[in-house]
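> Need coordinates for the below:
(2 chains)
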Amino acid sequence: MEDLFVLAISCIFINNILLAQYLGNCPFLGTSKKMETAIGMAMAVIFVLVMAGGLTWIVNEYLLKTLDVEYLQTVSFILVIASLVQFVEMFLKKSIPALYSGLGIFLPLITTNCAVMGVALINMKEGYSFLEAIVASFAYAIGYGLALILFAGIRERILLARVPKPLQDTSIGLITAGIIAITFMSFKGMV
Amino acid sequence: MIPALLFMLGIGAVCGIILSLSSKVFYVYEDPRIANVENNLAGANCGGCGYAGCSAAAEAIVTGKELPSLCIISGKEGAEKVAQIMGVDVCSAESPLSYSMCEGGSRAADKYHYMGISSCRAMAVVFGGKRVCSVGCIGLGDCVKACKFGALQLGPKGYPVVDDDKCVGCGACQQACPKEIIEVKTLSEKLMKFNQKQDPLAPCAQTCPAEINIPRYINQIKEGRYKEAVQTIRMRNPLPLACGRVCPHPCESECRRGIEDEPVSINQLKRFASDYEMDSGSRIPIKCAPDTGKKIAVIGGGPSGLSCAFFLRRIGHQVDIFEAMPKLGGMLRYGIPEYRLPKKVLDWEIQGILDLGIKSFCHVKFGADFGLGSLMASGYNAVFLGVGAWKDYSLGIEGENLDGCYTGIDFLQKMSSGKKVNLGKRAAVVGGGNTAVDCARTLLRSGLEKVYMVYRRTRKEMPANEVEIVASEEEGIEFVFLAAPTRVIGDDSDKTTHIEYLKMQLGEPDASGRRRPEPIEGSETLLEVDMVISAIGQSPDPSFKEQDPHKRMVELELTRWNTIDNDPATMQASIPYIFTAGDAATGPSLVVEAIGGGRRAARSIDLFLKGRPVEPVKDSLQQKRIRESIFKKVDGIKKTPRAKMPEIQVDGRLDSFVEVDLVLPEDTAHEEAKRCLDCCRICYNPDTDFPIAGNN
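Next up, the predicted model:
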């Protein structure tokens, strides 16, 4: 139990998928202009990551390993994750329309996202158990959401600042992200 | 190599099968056009259209919430393809245009000048605005920066000016504006806009029952743009010529200038602009939205019916007007005498409305010549009932059926349509409202020697317009105040000879706040007259309800005053496809109120025809005032006298029905327009350099 907690903390803060591993930058910059969108995106990431983490673990353990084709990890994960998101989208539309209308538009955006892919591959590389894989995926997603929402808040404030012309919009966004990443480095000695 | 290929094939097949099965299991019916439309959108999920992603946008187009030209990236070609899928002509798609609600940019002084903040959004967050006015344009030009097409510029007065030719209606400016004062709207949306609590509205514009943008047209008159002024008025009022003559202008009583000085002569400026159009000899073209293919029957060609028809036509519906009288105009024609509103003027104005493509059928009475069933059978999708209030209340006294006794509207109607009326020499008009004054002044012009007005309260309580009372005093009408008629006396051949009245005294104020008249016992007095006209009010004539052979009208509910019961916020009657406004719904009221009601009904009819819920306008003001906009004092006003209405000398006007009030000359109108403070909700133009706002 304690291990899982430590794992979660390390995934959220120390190995933050966005700020320490630099994965998933495009939706990070794209959906962080408004707080509202950022929250929606964060929820969608949590939803997809947990399911993708679980499914890819199963695929890896019972298919790739048994058939001894682990070198196909990347390419088969792409297929599996994409199909999973499509499936979930259909399922939600039919069964939980309320959830669909909230998350719907974000789901296709992260279908083939490197953060999702990266988490799946990291899980395999670290050799996590199923439970660990789920916890790690969830924690990574929380970390992603945390960074995204923090960032959206900062970007809304940046509007008030006078930014030199060449640095406006995405440029200042990337610089800000860099500075947040540096502050996240201070979590390094935590665990 | 082989096992890898096989594995991928296998896993691909499994995924494919699962997906195709689940698409069967989790199938949700969706209009096939949505997918089709989506394929023709840019597919960038850019959100530029205001919807989250292209699928949401496609759904909005298919459900009719948006136009085929919604996508701002796919351009004209994309819009054409989408329009094809939707089966409409792309040209028929109404193009939205950007426009700014705030015109008072230069009016409010700067509040702070803070170095470093150069965007409206930032300024709005920090101070709520750069200017003293918290409602209007901040003037830092976020919208100008947001416009990719160069269609917006900050005008000389510091608020954005839209170039309609360049605007593509993308909505970028609307999103950029933190004050919600720049909006992207189609013509229909602009026509169907109603005053809302959050709008920047001057007190006059809040008060006008037709919700005309008064400061805007006064400003246009000031700048000599008379045609644009008329167009501004026509966005809300199809009858500016008539209103410019007969409206009792409630707007002027709220005019902020009136707090320290005399109010701006708003109605005369309206008349000036609309007379300018008529006198110029050519009509200003009136824009209409593309045809929608829906058909509406408007019953009653009075102000409310004309207004409803005008606006329905302008938003693209097909309208037919049915009128019981020989000509259109309703009370404007048959209730208002020639000397106040010449028939020639009215004809010209009504022709302009009919020229939009509205058909009219006169001399057909609803309930007698046709009914609801026949309208439905002829394919009308909705019905507007604007039958007015034409039934005079009777005095309920002995002898009121004698020869020489008439009722007000009946009398005016006979005079207007040139029917023969046996006129006497001396007449008494009972009542103190506008109808009574109209009757009295009409009688005087018809050559009577003496005309009395018998009213049971005093001059102060008379509901008629002040100007009308003054004019009738000038013309020599004798007022008999505090008098309640008790009977009409006739001779042997049933000809009226006298009217007997009881003298009254004023008692305690009643529910209407007017002091209640009480009779003085034994004070019967005789007045020698050979004509008595009772004009003490009217109600709608509900006879159309019983005469309908299809019995559908039975369900239509009336109030106890015989007016048609409707929801005053939507004008919908108890039968969902019937809408009503004007005197038929409110009881006798102002022309301008009927016009506003007609437009409100047009909005509801439009919603009804589009299959959307007929709901009231959100945060609608409906003549309620925005509290912060009503000042107690206004500093810095240099008093300048209000333009005096030119009128014909009393000597020259009594022997004919020539129009008494004249139009302002151009230079006077200019001077008068300059008196307008150009108020917005709280900012205003001080003539001096004393900037204030909202210091009430």
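> all strands of the stretch 401-550 of chain B, in order?
With DSSP state E, counting those that start in this stretch as the criterion, the stretch 401-550 of chain B has strands at B:405-407, B:426-430, B:450-454, B:478-480, B:483-490, B:496-509, B:515-519, B:525-528, B:531-534, B:538-539.
> For the fifth one, which helices and strands make contact with it?
Okay, so that is strand B:483-490. strand B:496-509, strand B:531-534 (3 or more C-beta pairs under 8 Å, 6 or more residues apart in numbering or on different chains; DSSP states H and E). Using the backbone N, CA and C atoms, a C-beta is placed for each residue, glycine as well.
> quick one: it to strand B:426-430, angle?
Strand B:483-490 runs at 130 degrees relative to strand B:426-430, counting by axes from the mean of the first three to the mean of the last three C-alpha atoms, to 10 degrees.
> Could you give me the buried positions within the longest helix seen in chain B?
As assigned by DSSP state H, the longest helix anywhere in chain B is helix B:2-25. For helix B:2-25, the neighbour count (16 or more other C-beta atoms under 10 Å in any protein chain shown) marks B:Phe7, B:Ile11, B:Cys15, B:Leu19, B:Ser22 as buried.
> For chain A, tell me which of those residues show up nearby.
B:Phe7, B:Ile11, B:Cys15, B:Leu19, B:Ser22 (C-beta under 8 Å from any C-beta of the partner chain).
> how close does A:Tyr62 get to chain B?
As judged by C-beta to the nearest C-beta, to the nearest Å, A:Tyr62 and chain B stand 12 Å apart.
> re earlier: just the helices and strands packed on strand B:483-490: most buried one?
strand B:531-534 (a mean of 27; mean count of other C-beta atoms under 10 Å in any protein chain shown).
> Could I have the CA atoms of it written out in CSV?
The C-alpha trace of strand B:531-534 is given here as CSV (Å, rounded to 0.1, in the frame of the first residue of the first chain):
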residue,chain,number,x,y,z
MET,B,531,-75.4,66.1,-30.4
VAL,B,532,-73.9,63.8,-27.7
ILE,B,533,-70.9,61.8,-28.4
SER,B,534,-69.7,59.4,-25.7
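> name the element B:Ala122 belongs to?
If you go by DSSP states H and E, B:Ala122 is part of helix B:120-127.
> Is residue 148 inside a helix or a strand, and which specific one?
This is for chain A. Going by DSSP H and E, A:Leu148 is part of helix A:130-158.
> wrong one, I was asking about chain B
Going by DSSP H and E, B:Lys148 is not in any helix or strand.
> Now the closest residue to it other than its chain neighbours: phi and psi?
Distances taken as C-beta to C-beta, 6 or more residues apart in numbering or on different chains put B:Ala172 closest to B:Lys148, at 6.5 Å, once the chain neighbours are dropped. Torsion angles at B:Ala172 (phi, psi; degrees, to the nearest 10) stand at phi -60, psi -40.
> quick one: pLDDT of B:Ala172?
At B:Ala172, the pLDDT value in this model is 81.
> In this structure it contacts B:Ala151, no?
No. With contact defined as C-beta atoms under 8 Å, B:Ala172 does not count as touching B:Ala151 (9.9 Å).
> if we can go back for a sec, comparing the strands of the stretch 401-550 of chain B by mean pLDDT, which bottoms out?
Minimum mean pLDDT among these: strand B:515-519, a mean of 84.
> Please work out how many residues are found near the nearest residue to B:Ser604 once chain neighbours are set aside.
What sits nearest to B:Ser604 in space, not counting adjacent residues and going by C-beta to C-beta, 6+ apart, is B:Thr570, at 4.5 Å. As a burial measure, B:Thr570 scores 21 neighbours (other C-beta atoms under 10 Å in any protein chain shown).
> What of the one 3 residues further on?
As a burial measure, B:Ala573 scores 25 neighbours (other C-beta under 10 Å).
> pLDDT weak spots in the stretch 551-696 of chain B?
Where the stretch 551-696 of chain B drops to pLDDT under 70, the residues are B:551, B:684-696.
> re the thing from before, looking at the ones next to chain A among the buried residues of helix B:2-25, which one is closest to chain A?
Checking these against chain A by C-beta to the nearest C-beta gives B:Cys15 as the nearest, at 3.9 Å.
> re the thing from before, quick one: list the elements packing against the very next helix or strand once past the helix holding A:Leu148.
Next along the chain after helix A:130-158, taking DSSP H and E as the criterion, comes helix A:170-185. In terms of contacts (3+ C-beta pairs under 8 Å, 6+ apart), helix A:170-185 is packed against helix A:25-30, helix A:130-158.
> ranking these by burial, who's on top?
For the helices and strands packed on helix A:170-185, the largest average neighbour count (mean count of other C-beta under 10 Å) is found in helix A:130-158, namely a mean of 21.
> Next, the angle helix A:170-185 makes with it.
Using the same axes, to 10 degrees: helix A:130-158 against helix A:170-185 is 130 degrees.
> Is helix A:130-158 in proximity to chain B?
No. Helix A:130-158 stays clear of chain B (C-beta under 8 Å from any C-beta), getting no nearer than 8.7 Å.
> how far off helix B:120-127 does that helix point, in degrees?
90 degrees.
> what's helix A:130-158 packed up against?
Partner elements for helix A:130-158 (3+ C-beta pairs under 8 Å, 6+ apart): helix A:2-9, helix A:25-30, helix A:35-58, helix A:114-126, helix A:170-185.
> Using JSON lines, lay out those together with mean pLDDT.
Listed next are these as JSON lines, based on pLDDT from 0 to 100:
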{"stretch": "helix A:2-9", "mean pLDDT": "89"}
{"stretch": "helix A:25-30", "mean pLDDT": "80"}
{"stretch": "helix A:35-58", "mean pLDDT": "88"}
{"stretch": "helix A:114-126", "mean pLDDT": "90"}
{"stretch": "helix A:170-185", "mean pLDDT": "89"}
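> And stretch B:637-644, what's buried?
Applying 16+ other C-beta under 10 Å to stretch B:637-644 flags B:Ile637, B:Arg642, B:Ala643 as buried.
> what about that stretch, how long is it end to end?
Using C-alpha to C-alpha, to the nearest Å, one end of stretch B:637-644 lies 20 Å from the other.
> Looking at stretch B:18-27 now, give me its mean pLDDT.
88.
> any idea how far it is from the chain center?
54 Å (C-alpha atoms, centre = their mean, to the nearest Å).
> Quick check: B:Lys193 touching B:Lys185?
Yes. Counting by C-beta under 8 Å, B:Lys185 is a contact partner of B:Lys193 at 7.4 Å.
> sorry, back to before: which of the helices and strands packed on helix A:170-185 has the lowest average pLDDT?
Comparing mean pLDDT across these, the weakest is helix A:25-30, with a mean of 80.
> Is any residue of it near chain B?
No. Using C-beta under 8 Å from any C-beta, we find that helix A:25-30 stays clear of chain B, coming within 9.3 Å at best.
> Does anything pack onto that helix? Which helices or strands?
Helices and strands touching helix A:25-30, as assessed by 3+ C-beta pairs under 8 Å, 6+ apart, comprise helix A:130-158, helix A:170-185.
> redo that, cut-off 6 Å
For helix A:25-30, there is no helix or strand it packs on, judged by 3 or more C-beta pairs under 6 Å, 6 or more residues apart in numbering or on different chains; DSSP states H and E.
> which residues in the stretch 151-300 of chain B form strands?
B:152-154, B:160-162, B:182-185, B:295-299.
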